[in-house]
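Visitor: Show me the folded form of this:
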Amino acid sequence: MTDRGAQLRALAEDYLAVIVLALVVVGLLGGYVTYGAYATTDTRTETQTVSTWQSTGEFTHRATVVNGTDAFAEGEVLSDRSVYFRDDTPRLNGSFTYGYTADDGNLAANVSLVLVQRSIDESGDGNDTVLWQVERPRENITRSLAPGESANVSFSMNVSAVSERATTIDEQLGGTPGTLETTLQARIDLSGTRNGEQVDRTRVYSLPISAAQGVYRVQDPGPVTHSGEQTTRTQVPVSPGPLGSAGGPLLVVLSLAGLVGLAVGQVTVGLTVSETERARLVYQRQRKEYDEWITTGTVPSESLADPTVEVDSLEGLVDVAVDIDRRIIDDSDSAQFVVLGEEVNYIYTPPR
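Guide: Got it, this is the predicted structure:
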């Protein structure tokens, strides 16, 4: 059997300086990684949301049937439709509501309803030309709003009369080639504070109204919301990753364990390998390497009567066997390796 202990001691003796240097480098690397993980004070910047807000502006509208039909009874209220009837529901009523939510605040909201009529020449490339525009103020209110409160302003208009007014203005100008548009705008001037920040801005919400044959259309955009947040930036320490927190100390421990193991091995069993042990290791390696040339058996004593030549290595005996085209016999009785020649026998005795 292979002397495993002798192999390990021979390896340690031959490469002792390299092994020690490698263990020292591993230990230094582990120390460097550990130092970088625990001794430094790296931080990262985190952005945290401390407050949020959201505002909503919304139109609602309705029209009452003034001329009853089989489809709609007189007095019936049609609400939030996209199409109303010019003869049966000529007056459009409704309201605009603005409100907001926040953690804290107080806003002064001035809400103005303005009827905007104009003729616009559409070029098709996005550079439209406004040929004429007339603005007619409607309702106006001012409210002081806390979070969760809302301002509401109502409106009422005869859409047929409004449409005819736009046509009259256009005819006064000789009839322009543009498209007539009517829009009810809610303009809100906001001032005050919201979540601790100063607010001073104007928002505009639009409700387009267009007349057609027998009907008028209301292009309600639905609830229009805006939102925002207030953030703060803080520096937080960076926790070491698994490589730094565990890998570095592990390398240090492995390095120290290896150096201590070498020292203990030198003191207890010694790392020096004798010449006899080295010869035995060489033999074991060659025995495995040249196994295909060797046959285990018993050589009769009379076959060994011829002159014999002692060969100093199994490798040398293999060379002889190759030269004279003979097998090597692993003699189980004599514990020798024998090559039987025609006139001379060749023998190799392995080290004990």
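
Visitor: for stretch 332-349, which positions count as buried?
Guide: 336, 337, 338, 339, 340, 341, 345, 346, 347, 348 (16 or more other C-beta atoms under 10 Å). For glycine as for every other residue, the C-beta is placed from the backbone atoms N, C-alpha and C.

Visitor: what do you get for stretch 122-133?
Guide: 131, 132.

Visitor: Centre of the chain to that stretch, how far?
Guide: 46 Å (C-alpha atoms, centre = their mean, to the nearest Å).

Visitor: Just the CA trace of it, in CSV.
Guide: The C-alpha coordinates for stretch 122-133 follow below in CSV (Å, rounded to 0.1, in the frame of the first residue of the first chain):
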residue,chain,number,x,y,z
GLU,A,122,-55.0,73.8,-38.1
SER,A,123,-51.9,73.5,-40.2
GLY,A,124,-51.4,69.7,-39.7
ASP,A,125,-47.8,70.1,-38.6
GLY,A,126,-48.6,71.2,-35.0
ASN,A,127,-48.2,74.9,-35.6
ASP,A,128,-51.9,75.9,-35.5
THR,A,129,-52.9,79.5,-35.9
VAL,A,130,-55.5,81.1,-33.6
LEU,A,131,-57.4,83.4,-36.0
TRP,A,132,-59.5,85.0,-33.2
GLN,A,133,-60.3,84.3,-29.5
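
Visitor: contacts for it?
Guide: Residues outside stretch 122-133 that contact it (C-beta atoms under 8 Å, 6 or more residues apart in numbering): 116-121, 169-170, 173, 176-179.

Visitor: which stretches of the protein form helices?
Guide: 4-14, 16-38, 159-172, 242, 248-268, 275-289, 314-324 (DSSP state H).

Visitor: Can you flag the weakest of the ones you listed by average pLDDT?
Guide: Comparing mean pLDDT across the helices of the chain, the weakest is helix 4-14, with a mean of 58.

Visitor: State the pair within the buried residues of stretch 332-349 that is farthest apart.
Guide: Longest distance between any two of the buried residues of stretch 332-349 is 14.9 Å, between 336 and 341; criterion C-beta to C-beta.

Visitor: which one's the longest strand in the chain?
Guide: The residue-count maximum for a strand in the chain (DSSP state E) belongs to strand 43-64.

Visitor: so what strands line up beside that one?
Guide: Strand 43-64 has its sheet partners listed here by DSSP bridges as strand 77-79 (antiparallel), strand 91-102 (antiparallel), strand 224-237 (antiparallel).

Visitor: what's the residue nearest the centre of the chain in contact with, if anything?
Guide: By C-alpha atoms, centre = their mean, the chain has its centre lying nearest to residue 46, at 16.5 Å. Contacts for residue 46 (C-beta under 8 Å, 6+ apart) come out as 233, 234, 235, 236.

Visitor: cool, residue 331 as well?
Guide: Neighbours of residue 331 in contact, by C-beta under 8 Å, 6+ apart: 297, 298, 299, 337, 338.

Visitor: got it, and residue 97?
Guide: So residue 97 contacts 56, 57, 58, 60, 150, 151, 152 (C-beta under 8 Å, 6+ apart).

Visitor: Please identify the nearest residue in space to it, excluding sequence neighbours.
Guide: Leaving aside its sequence neighbours, residue 97 sits nearest to residue 152 (C-beta to C-beta, 6 or more residues apart in numbering; 4.7 Å).

Visitor: Please report how far the one you found lies from residue 60.
Guide: 10 Å (C-beta to C-beta, to the nearest Å).

Visitor: repeat for residue 326
Guide: 113 Å.

Visitor: Residue 281 too?
Guide: Taken as C-beta to C-beta, the span from residue 281 to residue 60 is 98 Å.

Visitor: which one of those two has more residues nearby?
Guide: Neighbour comparison, residue 281 and residue 60: the larger count goes to residue 281, with 18 against 14 (by other C-beta atoms under 10 Å).

Visitor: Throw the contacts of residue 331 into a markdown table and include distance to residue 108 and pLDDT, thanks.
Guide: Listed next are the contacts of residue 331 as a markdown table, based on distance: C-beta to C-beta, whole Å; pLDDT from 0 to 100:
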| residue | distance to residue 108 | pLDDT |
| --- | --- | --- |
| 297 | 114 | 86 |
| 298 | 117 | 85 |
| 299 | 119 | 84 |
| 337 | 111 | 88 |
| 338 | 116 | 89 |
